Structures are given as structure tokens and as C-alpha cells.
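In: What shape does this take:
(3 chains)
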Amino acid sequence: MMTEIQQPTNPDHLDSGAKMHQLITELYPICRSITGDGVRQTLRRLQSYIPLTVHEVPTGTQVFDWTVPKEWNIRDAYVKNPCGEKVIDFQKSSLHVLNYSTPVAAKMPLSELKQHLYTLPKQPTLIPYRTSYYQENWGFCLTHETLQRLEAAEQAETGDYEIKIDSTLADGALTYGEFVLPGESEETVLISCHCCHPALCNDNLSGIALSTMLAQQMSAHPRRYTYRFLFIPGTIGSITWLALHEREARQIRHGLVVACVGDAGAMTYKKSRRGNAEIDRAVQHVLKTGGAPYKLLDFSPYGYDERQYCSPGFNLPVGSLTRTPHGQFPEYHTSADNPEFVQPATLADSLMQYLAVIDVLERNRTYCNLNPMCEPQLGKRGLYSALGGRQETQKNQLAMLWVLNGSDGQQTLLDIAEKADLPFTIIADMAQLLLEHNLLALA
Amino acid sequence: MMTEIQQPTNPDHLDSGAKMHQLITELYPICRSITGDGVRQTLRRLQSYIPLTVHEVPTGTQVFDWTVPKEWNIRDAYVKNPCGEKVIDFQKSSLHVLNYSTPVAAKMPLSELKQHLYTLPKQPTLIPYRTSYYQENWGFCLTHETLQRLEAAEQAETGDYEIKIDSTLADGALTYGEFVLPGESEETVLISCHCCHPALCNDNLSGIALSTMLAQQMSAHPRRYTYRFLFIPGTIGSITWLALHEREARQIRHGLVVACVGDAGAMTYKKSRRGNAEIDRAVQHVLKTGGAPYKLLDFSPYGYDERQYCSPGFNLPVGSLTRTPHGQFPEYHTSADNPEFVQPATLADSLMQYLAVIDVLERNRTYCNLNPMCEPQLGKRGLYSALGGRQETQKNQLAMLWVLNGSDGQQTLLDIAEKADLPFTIIADMAQLLLEHNLLALA
Amino acid sequence: MMTEIQQPTNPDHLDSGAKMHQLITELYPICRSITGDGVRQTLRRLQSYIPLTVHEVPTGTQVFDWTVPKEWNIRDAYVKNPCGEKVIDFQKSSLHVLNYSTPVAAKMPLSELKQHLYTLPKQPTLIPYRTSYYQENWGFCLTHETLQRLEAAEQAETGDYEIKIDSTLADGALTYGEFVLPGESEETVLISCHCCHPALCNDNLSGIALSTMLAQQMSAHPRRYTYRFLFIPGTIGSITWLALHEREARQIRHGLVVACVGDAGAMTYKKSRRGNAEIDRAVQHVLKTGGAPYKLLDFSPYGYDERQYCSPGFNLPVGSLTRTPHGQFPEYHTSADNPEFVQPATLADSLMQYLAVIDVLERNRTYCNLNPMCEPQLGKRGLYSALGGRQETQKNQLAMLWVLNGSDGQQTLLDIAEKADLPFTIIADMAQLLLEHNLLALA
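Out: Predicted coordinates for the structure are as follows:
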């Protein structure tokens, strides 16, 4: 389901797209998992963009109903055929190893080895991505074509295969990254992405790159809200953060889970559990007024870390803004989710959408019309074009009337924009102008 | 408007269908009315299935704005032509007499008699069903073809007709049947059917038979709610019961008026006056997830006894679940509403729908997730399939996540099923499983 | 967008249509503006129909954020070409002068004069209507064809044009008309029309004529509500009235701004800012049950005086009921909005709609069923047709059941009519009948 991407014409955005793609390419070879040095290396690389803090939570820490697991590290892994040739080689792709495999060094016939091999018979040229975090196991992932070649060779000459997984699963820590941009208020916008997937680009090096670029760009300007960027392993990472930061969690006013933002599909917004939170309405407004096709999904308790943020005990207003959602593109969780699958232009477009959403959140205020009895005389303040005519002028004047009419101390600018069927940016700009003319005051 | 009936494959249900049809056939010849021995005989026959209580309310009893009318009984009625041949004979069909006719024994020419004859010119082979309860009158109902034959004979040879209606209209009682199945709670589910129509099968021997079979089957199992089954004459029966049982009426939490459940049309649900009561939502969920075509109607103050249960002073959550509604099938209130018009398979299907609705009512509870902060770790409890894959397993796991996410002490399982777009049965089964693993508690 | 007009068959209405058209024709030659003798003459003419009061508010009076402007009067205006021929002549059409022009007497070449000439190049045979109320200026409006003739003549022979505008702009008053029909209650229905446009018929001599006829017809009968008819200059008139009558404004329960009610387009209702006020629902019900095509518009802060009535400090339940809305017919604000453009039949149809809306407002009450437990026995009161049958009788009986079922002290008759999907008139008639039989009481 390809959709036409609005080509960002702002050269800064094009530049952002190229930078994000460059970062994805750099991070691609690192073997990440829910714990271990892969995550540490990844976060260290991000520190060259933003001064994020790396946190380590020891194995065994109780986090709500869960326990921080052992730390997994891997150095090498391969399978050699009876001729001693490496037929599966971790050095070529980190996907080749069942993620979180226990160490193994053994010889066995193909028939026995096959119980530990994972392929995609319907996508025979792709390596699948598989994990076994909470049930100790070992295994290899390979293309179905390779498996068929091994089986064919078996006909000619049998013999034991040499298996080696040089990994460790031991007490250590769960590692995550956090970057806080303080704002005027402690009220917080959460930007959360999972950083536990190895050589997969859309899911979720794209999310890591977008969050990093967003944090970097937002550092340059003052902010109303505090922004908290989390780079965490999926599920156990958000559970760990929430368990250790309940106070900070309660300050979250809006939030987005960032994933799959580099493919060519339409933007997709999965609403928060609340369904009509300000973040839900802000994203919908941005997508609707953006002009490109998009999809809206109701909340469901399946997906990424919004599952935890939206658990009933937290029920935070956190949605997820992606392009094609997880599981709905054929490259998902395969070796085809590679650097070619994500494009600078789509990454830049996704970043623009995030920035537009944040612009709505930052500027969405409730005002009181200081002249609520009838309209104020705009003309005597030079706010009413005597000549009229230009389409943009008319739109601005209509927007001014909407802001004045709607500013009753109850409706936000976003409420007004939706009633007026005008873009939030015009409504917010006119509110600013009226504020400067002392016709409005913050409610 | 025939619709394909889901053939019930459960042999018990097939058996139920045959039993209900057998009961209808037995009750068909009895001449029922709003009072009198016809109702008594009918209720006595039902007592061979369920131990229902027969109540007698004396003529003249004031029931709200109404008065219990005189009791009507009839032994015979006929019209003889001038040749002395019985051309209309009550013994052949109880429909031949205007129901509640006063006694008459007279001779009169056809021209005079015709003011007391009722036919259906557009359905000339059918006998209509007519009543005159609250305005004393006598009359005969016959096919239009018979009337035309009498008129033709009149051309050849005139003379007086002999008229005989051997009925009595005298002080006596209004009779109704009641069967109460006590449950854990005094909160009550009302199942009400009218039992005043003579030889008409869909309307409403089908309702009588379904209510009886439902009562019998439900006797076998423990129940959360108390179930009250009423077999009452239409309008005056429900008014009488409500007037004499206000306390019991106030305990009704859900209710259904049962009628026209044997024809081949689609299930039709007429909502209670409240429009969004639990019974309304339960029936809609059952019909929607059942897969067969169905219709929903908003409440209107015209129909069966829901008119009284939903009068503004009671406003009980009572809807009506039928197949084709009254007045919308051509056989309605004619001699064509006979035992062939109702079928065991459709009766069994209707019973299945009622049982499914009751299953929702019985199991629709509100729970608290005992682990509301993030998801509990299902895997360590063996609730999360490590292998995944089977479609049913995935549906169950998704249902488990929905139950956990939704169980905030506010939403019922039916709320959750509707949000999840999953059948209530799966949601309720998963809630039971989570309850057994101490992950839920009743709110 | 022509729509078929329901031809009013009531001869009174036909008569009303002719009368309104006659009034429009009489008022057409008067040069009105937001102040001045044109308005006074207009209101004096209306006094021959209704005893309205003429109010004068002095120049300089502060009205909220505005100031009552100087009074403008004009006696003559023309442009003579170099040959001394009058090429633009105010005596032929009051539209020829830029409304509120300052006085001028000068000679100048066409090139200079052209900065003060207004034409419609896309509608070259029509004179535009232009104003400059709050920025002092002078000018002439003419057909584009005339301008082209002047330019062609310029090629042959140049020379100065003689310009004369014999107007005065001086301290004086703002004039408006008010007519109050007292009712049982001080709760008020506002009928407001702007009377500031010169020779324009649909906008808004049609509104003036309809308001006048409505006031006249309503004088003949007793009324539940007080009716306040305002004939005011646009914007500054409603602001002035509101500023000087806050107490009266707070008594407004329902209101309509009357404009553009004589063209052949479909009825259009622009909702009040509240969106679901009783006036909004009453108008919608009348239009929906009327059978003719119609349009509904949500409130927007652009239009006629509803802008002021619906400013957030007042937020009065005032909508606007028109035929084709302002700006959406090509004759709008041109010399083509002449007496031929408005028709007696459409004026009469518009008046009928207004009367129907007022009938709903007058009769929309909330009742209590005095017999709320079950249905009352209608038969014993002669309210239930024993014979049944006639379609109208059945509709009436159904309406009676709806009124009884809905009269719970909460729902209005309009609520009940909408639920029943029956015309308000039938519901209100049946409520009256039930009231007379002591089955209802006012809530």
C-alpha cells in the first residue's frame, strides 16, 4: 500500500532525512537485544547527537510483576557443514542467531539440528528475526533456500554439523537511554522508542533515528512542556522505567510511541486507550489537515510499549504514530527490513509530522475573549482589511472571528480549529495576533 | 423475507425444536381468550413440563386504570343456512367466533347477519382472527370465499339463517401462569409471553412453547439471577401482574417479551424504552456475533406487553426478541398461522438465541485487574503460548490482553467484548481463566 | 440551485405573499444606510402595518467596543461627462453611490475618477453594491459596460468630468425600529432583520417584509412567549441594541435572524452557536417534516447579526433562517437583486415556515402522564377507535401512545415527535386531547 509522499521542500528537512538514514546505516550492524552490549553501543552512538543518559538496572530487579532478566551478550556464532564450511555465519547478519540464545558448542546431524533452525518457507530468500527471551533456548535463523541447499547436500553426503554459539547469559543489567529536555512546566511529553531489535531498520532503527533527530532539533528552542525521550528495550524496558519512575510517569500529559517511521506507507495513528485525549485529537488534526492519506486505529492492547503506558493502572494518554504498522508490511521481522527499505524522504516526512504534532501541543491553549459582548471593532485596530479580497487575508480574518467567538475560557484553540475546519496553525497565529492587541487573555 | 437459518447441530437443540413443535400442536385446538377455561387448560398442559403456579384474579379487581373483565367461556357456535346446513362451525376452528362474543341464539336473513361477519377480501381463503374484549358484541369470522358462496346461494333461495353462540360472559377470574426459578440474587430476569390467542401458532403458541422449554432447560443449572416466567393474557395480563406485584417488578433487571419465534424470518430485536440497557446490548451482541441476518428496532409504544413494562412509571429494561414482528407476515392473525407455519428448526434456533442472551447476562461482570500497572507476565504462569501460531490460541491471548486492559472496575465484560470486537464467550472464558490465576477480582 | 416551492394553497398565505411583495416594491426606491433618513422613511412605512417604535441613538454613544457613527444623508449624486451629460445618476439607482460617501464636488479627468469607480467585470451589466462605513471615502458604482463606454469615449475626446455627491456626514443618530408583542411570559422570541441595505430586495427588503407580516399576523392571537421584532442596521444596530438592552437580551429564549427569504432557493437554516438549542431543533423539525429540500449549516462567526447575538458573552440561542444564504446567489449585492428576483409565492412559503417554527415553540411543552403505571384505558374514554382502520385515526392513536409513553416530565413534545418520527403538529394535537381528558398535566 504505497502512498504518495509529500516531498518536504524545506532543505533542513531533506537534510534531516539524510542524517536519519545515515544514523540507521551506522547502527544497522550492531547486534542489539533487550539487554547487553549491543544496546550500550547503540546508545553511545546516539550520544554524539544528544547528551542522553545511559541507565543500568541490575538483573533480578523486581519491576511490578516482572524481573529484570539476565544480560545477554554474543561474540560469534556459526554452523559448519560436514565439510567444515560455514553455512550460517553470525558475522554476516546478526539475525542468524535466535536472539537470546544460550551458548552452545556441539556436533550433530542435520536432522537433529533442524529442530533449532527457523526459516520462512513463504519468503524463501529472507532470514527471519526470532527471539526467545523468557524461555532458555538456542537456535539459528536462515533463509529457506539455504535450508533446502543443506537438505539437498545431505542426500549426497551425511555427517555431523559443527554448531557454535559463543554467547553469555549472566547477571548484569538492563540498559536504557533517557534524554530530558526541560520546559516551562514539569508537565511532560513522552517520546518512547524501542531499541532492542538487531538488524531491522524500519522496526525500529527508524524510530531511534527519528527520536534522536527530534530531540536534537527541539533542543534549539524554548519549550512549554518538558520532553522525555526514552530509548528502551520493548516491553521489559517500559515496564522497568514505569516501575522505577512512577512520579515522572504521572507527569506525562501527552505521549507517542515511535516505530516504523521509514517505510513508504501512509501515516497511521493508533489512539491512546483514552481514545479522545489531546494527543489523539492533535495527531488526527495534523494528519487530516496534512492532505496526505492516513489511517486511524482505535487502541488495542497489542503492539509496542503503549501496551504498558496504557495499562489500566497508568492509562496514560500515549498513542503510537507510525507509517505502516508492525506486522502489516511483508519485510516485517525479516532481513528485508534493511537500509534500502527505509528512505530519507519518508523519514523526513515522518519527522515533519511529529514536529507538527508537537507544535499543536505547545500552542494549544485556552483563551478568554476580553471583549466577549459582541465582536470587537477590528477595523479601528488595523486588524480588518478595508480592501479585503486576497484569499489568505479572508482566511485570516475568518480565523480571527473564530478565535474571538470560541475563546470563552472553555474551548482550546484545537477545539476552535476543528469547529472552524481551519488548520491549527492559522488559528494559533491569529490567536497570537489578537493576544498582542489585548483582545485575548490566557484562560 | 426468508433468511437462511443456522441449522442447530447440537442434537439437544434439534430435540428441543421437535418438543416445542409438539407442544404447539397439542395446544392448537384449545380456544384461548384473555380469560376463561382455554387459558386454564393451556396452563395445565404446561405444568407437565414445569411446575408453574396458576393464579386467578377475580373479575372486577381494579388494576391501575383498568378493571379485570368478566370471564368468557364458550362451548359451541355455528351458523346454519336456510337449508339447515352448518356453514360456519366453531368446532372446526376456534377462529370462527369473534373472540369474547356475547351469547346469541337467533334467526335472521343474511343481509342482517352480514353486519356480524368478518372476512379478509384480499386473502379470500383465510379466516381472520378478531376480538371485541371491551365492547360487548358478537360475530363470526370466515373465509371470504365462504361468504361469497353464501351470497351466491342467496340469489337462488332466500330465508333465515340460524345463529347460535353458546358462550357465557360472567363474573369469574383472569387466569395467568407464573414460574419462578430462584437464583443467587433476587435481581430478576423477566421472560413474558402472551397466552390469550386461540388457534394461532407463531403468535403466540411459539412464545409459550419457547418460554416453557427455556424454563425447563434452565432449571437444570444454578443461576446468578432469579428468572420469572409469565404466561399472561396480552395487555390486561401484564397490567394485572404489574398492579399486584410492584415490589417484584422493581427487581426486574433485564427482561424479554417472547412472541413470534417460530417463523422462518430473521431474528428481530425491539429495544427497551431505555434503548441502551444491558439487555439491549446483550441481545445486539448475540445477534451481531451470531453471523445470521437480523434486525434492530427502536422502542415504540405499540406491540406486545413491553408497552406496559416500558410505561414511563415502570420504564423496565424489557425488550422483545422475535423473528418476524407482529403484523409483518401475511399469515399474521389468520388461519394460516397454523402448525405448518412454525418449524422445529426455527424454534430451536430461536431458543439458542435466548440461551445465548441469558449466557451473556449471567456472565457479564465487572472485574478489577489485580496487576493494573503494566501487563502481568503471562508467560511465567503458562498463560502465554511460547510457540504461538494456532489461530485460536492467538485469539484467546488477544482476548486475555483485552480483559486485563479493560478490567478497571468500570467496564463490564460486554463493554470489553464490544471494544475488542470479539465474541463475549471468548472474553468471558478468558476472564474465568485469569480469575483462576488470581489476576482478576470481582469489582 | 432552484428547488421546487411548495405552492401555499391557503389563500391567506397567497395574499400574504402578494402583500409582502407590494411592500418590497414600495420600499425599493428609498436609499437606506446604517443611519439616516432612508431608515426613518422605511420604518415610517412599516408603521402602517404594525405600531412599531422608532428609536434614535445619538452619534458618539459608546456601545461596547464600538461608537455610534455619524449620521449619513444624501440628496443627490451624479457624474457628468465632458459634454455635460449625466453618465451616472443617483436618481436612477441608489446603488450608484458608494454607501456612506463623503460629500464631493469636483472636476477631474476619467483617469483620476477611475480610482473611485466600482464595477463588476464578470457581471458587466450589473451595478455593484459597495459601502465604506468606517473609513471615510467617496465613490460611484456602475455597470462595467458603462465604464467601458466612458473609456471608449475618452479615446475620441478627453476632458474633465464633473463629480457631485450632495451628502452630509454629521452628528445625528442611529435609527432602529422595535415592535414588542407581549405574551403570557416575559421569556422572549427575537425576530431580527437588517434594514440598512438600499435598493436590494432579497437582501434584505424580503426580511423586512416577512418580519412585518409575521408581526401583523401574530398580533391577532394570544401568545405564550413575548415576541420582539427588531428592524436594525446590520452589525452596529445589533451591537447598539444589545449594549443598551442587556436585561431584555437575557430574556431571549429563542431567536431568528431573517434575511434572503424571497428567492427561489431551498430553505437554509444556520444553527445558533449552541448548535442544539430548542430553536435549532424546532427549525430542523419543521424543515424535515415539510417535505421540501432544505439545507442545514453549522454556526460560523460570519454572516448577519447572529454574529453579535451569538458572541460568547451573550451566546443567545439565535439562528438564521433564509432561503439561499448571502453570497451564494449571483444577484447578491448587485442591481439584479431587484423586485423581480423575489416572488410572492416564495415569500409566502418562507412566512409559512416561520409560522410553523413559531407554532412548535409555542406548543412545545413538557408533560407528566398522570397515569404513568401501564397505559391508561383509552377505550373507556372514547379515545380508542373501536373500529380502527382509517389511516389518520391510526396515526393519531399511535401519536397518543407516544405522548403517554414519553410524558415523563423530562421529554418535551418535540423530543417525543422526533423519537416517534411523527410531525410535531399531530403530537401536540394529541397532547391537547389527552390534557382535556385529564391524562396529562404540565410538568
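
In: Wait, a strand at residue A:229?
Out: Yes - under DSSP: H, G, I helix; E, B strand; the rest coil, residue A:229 falls within a strand.

In: For chain C, what's the nearest residue on chain A?
Out: Proximity of chain A to chain C (Cβ to the nearest Cβ) peaks at residue A:372, 3.2 Å away. (Glycine included, C-beta is placed from N, CA and C.)

In: Nearest residue to that residue in space, please, no chain neighbours.
Out: Closest residue in space to residue A:372, ignoring its immediate chain neighbours: residue C:313 at 3.2 Å, by Cβ to Cβ, 6 or more residues apart in numbering or on different chains.

In: That neighbour: neighbouring residues, count only.
Out: When counting by other Cβ atoms under 10 Å in any protein chain shown, one arrives at 14 neighbours for residue C:313.

In: show me what contacts whatever residue of the stretch 201-350 of chain A ends up closest to chain B?
Out: Residue nearest to chain B within the stretch 201-350 of chain A (Cβ to the nearest Cβ): residue A:313, separated by 3.1 Å. Residues counted as contacts of residue A:313 (Cβ atoms under 8 Å, 6 or more residues apart in numbering or on different chains) are B:369, B:372-374.

In: Tabulate the residues you listed in a markdown table, adding columns for secondary structure, neighbour count and pLDDT.
Out: What follows is these, written out as a markdown table (DSSP: H, G, I helix; E, B strand; the rest coil; neighbours: other Cβ atoms under 10 Å in any protein chain shown; pLDDT from 0 to 100):
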| residue | secondary structure | neighbour count | pLDDT |
| --- | --- | --- | --- |
| B:369 | strand | 23 | 98 |
| B:372 | coil | 19 | 97 |
| B:373 | coil | 19 | 97 |
| B:374 | coil | 28 | 97 |
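
In: how about the residues you listed, which pair is most distant?
Out: Spanning the widest gap among the contacts of residue A:313 are B:369 and B:374, at 10.4 Å by Cβ to Cβ.

In: Using the three-state scheme, assign the residue of the stretch 201-350 of chain A closest to chain B.
Out: Secondary structure state of residue A:313, per three-state DSSP, is coil.

In: host element of residue A:57?
Out: strand A:53-58 (DSSP states H and E).

In: In that strand, which residues have enough neighbours to count as buried?
Out: Neighbour-count burial for strand A:53-58 flags A:55, A:57 (criterion: 16 or more other Cβ atoms under 10 Å in any protein chain shown).

In: tell me what it is packed against?
Out: Applying 3 or more Cβ pairs under 8 Å, 6 or more residues apart in numbering or on different chains; DSSP states H and E, one finds that strand A:53-58 contacts helix A:37-46, strand A:173-181.

In: For the stretch 301-443 of chain A, what lies in contact range of chain C?
Out: When proximity is defined as Cβ under 8 Å from any Cβ of the partner chain, the stretch 301-443 of chain A approaches chain C at A:369, A:371-377, A:379-380, A:386, A:398, A:401-402, A:404-408, A:419-420.

In: Generate a ChimeraX selection restricted to the buried subset of the residues you listed.
Out: Per 16+ other Cβ under 10 Å, the buried members of those correspond to this ChimeraX selection:
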select /A:369,371,372,373,374,375,376,377,398,401,402,404,405,406,407,408,419,420
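
In: Got the phi and psi for the residue of chain A closest to chain C?
Out: Main-chain torsions, residue A:372, degrees, to the nearest 10: phi -80, psi -10.

In: doesn't residue C:242 make contact with it?
Out: No - between residue A:372 and residue C:242 there is no contact under Cβ atoms under 8 Å: 11.6 Å.

In: and the residue nearest to residue A:372, how far is that from residue C:247?
Out: 14 Å (Cβ to Cβ, to the nearest Å).

In: What of residue A:434?
Out: Per Cβ to Cβ, residue A:434 is found 29 Å from residue C:247.

In: who has more neighbours, these two?
Out: For the pair residue A:434 and residue C:247, the greater number of neighbours falls to residue A:434 (25 against 7), based on other Cβ under 10 Å.

In: In which helix or strand does the more buried one reside?
Out: Assigned by DSSP H and E, residue A:434 falls in helix A:424-436.

In: For that helix, give the mean pLDDT please.
Out: For helix A:424-436, mean pLDDT is 97.

In: who does the helix or strand following it pair up with?
Out: As assigned by DSSP H and E, the chain's next helix or strand after helix A:424-436 is strand A:440-442. Partners of strand A:440-442 in the sheet, by DSSP bridges, are strand A:366-369 (antiparallel).

In: For the strand it pairs with, buried residues please.
Out: Going by neighbour count (16+ other Cβ under 10 Å), the buried part of strand A:366-369 is A:366-367, A:369.

In: that older thread, check the gap between the residue of chain A closest to chain C and residue B:333 for me.
Out: 63 Å.

In: Let me see the ranges of the strands in the stretch 251-400 of chain A.
Out: Assigned by DSSP state E, counting those that start in this stretch, the strands in the stretch 251-400 of chain A fall at A:252-258, A:267-270, A:294-297, A:318-322, A:366-369.

In: Out of these, which is closest to residue B:279?
Out: strand A:294-297 (30.9 Å).

In: Residue A:377: what's it in contact with?
Out: Here residue A:377 is in contact with C:65-66, C:134 (Cβ under 8 Å, 6+ apart).

In: cutoff 7 Å now
Out: By Cβ atoms under 7 Å, 6 or more residues apart in numbering or on different chains, residue A:377 lies in contact with C:65-66.

In: ok, so what distance separates it from chain B?
Out: 49 Å (Cβ to the nearest Cβ, to the nearest Å).

In: Test my guess that residue A:370 contacts residue A:443.
Out: No - when contacts are counted by Cβ atoms under 7 Å, residue A:370 is not listed as touching residue A:443 (11.1 Å).

In: Of all the residues in the lengthiest helix in chain A, which ones are buried?
Out: If you go by DSSP state H, chain A has its longest helix at helix A:344-363. Going by neighbour count (16+ other Cβ under 10 Å), the buried part of helix A:344-363 is A:344-358, A:360-363.

In: Then stretch A:137-157?
Out: In stretch A:137-157, counting by 16+ other Cβ under 10 Å, buried: A:138-144, A:146-147, A:150, A:153-154.

In: Stretch A:163-176 too?
Out: A:163-165, A:167, A:169, A:172-176.

In: So what's the residue count around residue A:162?
Out: Using other Cβ under 10 Å, residue A:162 has 16 other residues around it.

In: Quick check, pLDDT for it.
Out: 97.

In: Could I get the contacting residues of it?
Out: Here residue A:162 is in contact with A:80, A:107 (Cβ under 7 Å, 6+ apart).

In: hey, C-alpha coordinates of the helix or strand in which it is found in CSV?
Out: Assessed by DSSP H and E, residue A:162 sits inside strand A:161-170. Extracted C-alpha coordinates of strand A:161-170, given in CSV (Å, rounded to 0.1, in the frame of the first residue of the first chain):
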residue,chain,number,x,y,z
TYR,A,161,27.4,-30.3,11.6
GLU,A,162,29.5,-28.2,13.9
ILE,A,163,27.5,-25.8,16.0
LYS,A,164,28.9,-22.8,17.9
ILE,A,165,27.1,-20.0,19.7
ASP,A,166,29.6,-18.0,21.7
SER,A,167,27.2,-16.2,23.9
THR,A,168,26.8,-15.5,27.6
LEU,A,169,23.6,-15.2,29.6
ALA,A,170,24.6,-14.0,33.0
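
In: For it, which strands pair with it and how are they oriented?
Out: Here, using DSSP bridges, strand A:161-170 pairs with strand A:71-80 (antiparallel), strand A:104-108 (antiparallel).

In: Taking strand A:53-58 as reference, get the angle to the longest one.
Out: Looking back up the chat, that one is strand A:71-80. Angle, strand A:71-80 to strand A:53-58, by axes from the mean of the first three to the mean of the last three Cα atoms, to 10 degrees: 80 degrees.
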